[in-house]
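In: Pasting a predicted model and its sequence here:
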Amino acid sequence: MNKSNEINIAIVGCGGVVRNYRRAYSQLPGTKVVVTMDTDDTEARQAAIETGALRTSTEFSDALADDVDEIGRAHV
């Protein structure tokens with residue numbers, strides 16, 4: 001957890017069913033979406049716009065950055 005006591009979230013896989021969860025991730029109390037990751041850069045960028053994420057990526061390793069506390073992923 002970072003200094004502000006917020007939990008920083010990385011959303012991994014931004015398309016498909018996760019489109020329904022993007023707003024929920026960004027509205028969870030005490031959390032902040034810091035990175036959205038998808039193999040489709042357009043999907044990652046759209047998710048960042050919707051969640052206020054600080055950055056986007058097409059590489060999973062970016063979801064493992066030091067400022068990420070939790071990884072959000074929807075499984076179907």
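Out: Thanks, I have it.

In: From now on I want contacts and neighbour counts done on CA atoms only, so please keep to that.
Out: Will do.

In: Average the pLDDT values over the longest helix along the chain and round to the nearest integer.
Out: Ranked by residue count and defined by DSSP state H, the top helix of the chain is helix 41-51. Averaged across helix 41-51, pLDDT comes to 95.

In: now stretch 66-74
Out: For stretch 66-74, mean pLDDT is 89.

In: for that stretch, the distance to its chain's centre please.
Out: Distance, stretch centre to chain centre, for stretch 66-74: 7 Å (C-alpha atoms, centre = their mean, to the nearest Å).

In: Give me the contact list for the helix or strand where Thr36 lies.
Out: In this assignment (DSSP states H and E), Thr36 forms part of strand 31-37. For strand 31-37, the surrounding residues in contact (C-alpha atoms under 8 Å, 6 or more residues apart in numbering) are 6-14, 25-26, 44-45, 47-48, 51-60, 62-63, 67-68.

In: Doesn't Val18 belong to a helix?
Out: Yes: under DSSP: H, G, I helix; E, B strand; the rest coil, Val18 falls within a helix.

In: what about the residue sitting nearest the centre point of the chain, is that helix, strand or coil?
Out: Nearest to the geometric centre of the chain sits Ile11, at 2.7 Å (C-alpha atoms, centre = their mean). The three-state assignment at Ile11 reads strand, by three-state DSSP.

In: Please name the bridge partners of Gly72.
Out: Counting by DSSP bridges, Gly72 is bridged to Ile11.

In: Tell me the span between the first and last residue of stretch 36-45.
Out: Counting by C-alpha to C-alpha, to the nearest Å, you get 7 Å between the two ends of stretch 36-45.

In: about what we covered before: show me what the helix or strand just after the longest helix of the chain pairs with in its sheet, parallel or antiparallel.
Out: Next helix or strand after helix 41-51 toward the C-terminus (DSSP H and E): strand 55-57. Partners of strand 55-57 in the sheet, by DSSP bridges, are strand 31-37 (parallel).

In: got the angle for the strand it pairs with vs helix 41-51?
Out: Counting by axes from the mean of the first three to the mean of the last three C-alpha atoms, to 10 degrees, strand 31-37 lies at 170 degrees to helix 41-51.

In: pretty sure Ile7 is touching Gly30, no?
Out: Yes: with contact defined as C-alpha atoms under 8 Å, Ile7 reaches Gly30; the gap is 6.2 Å.
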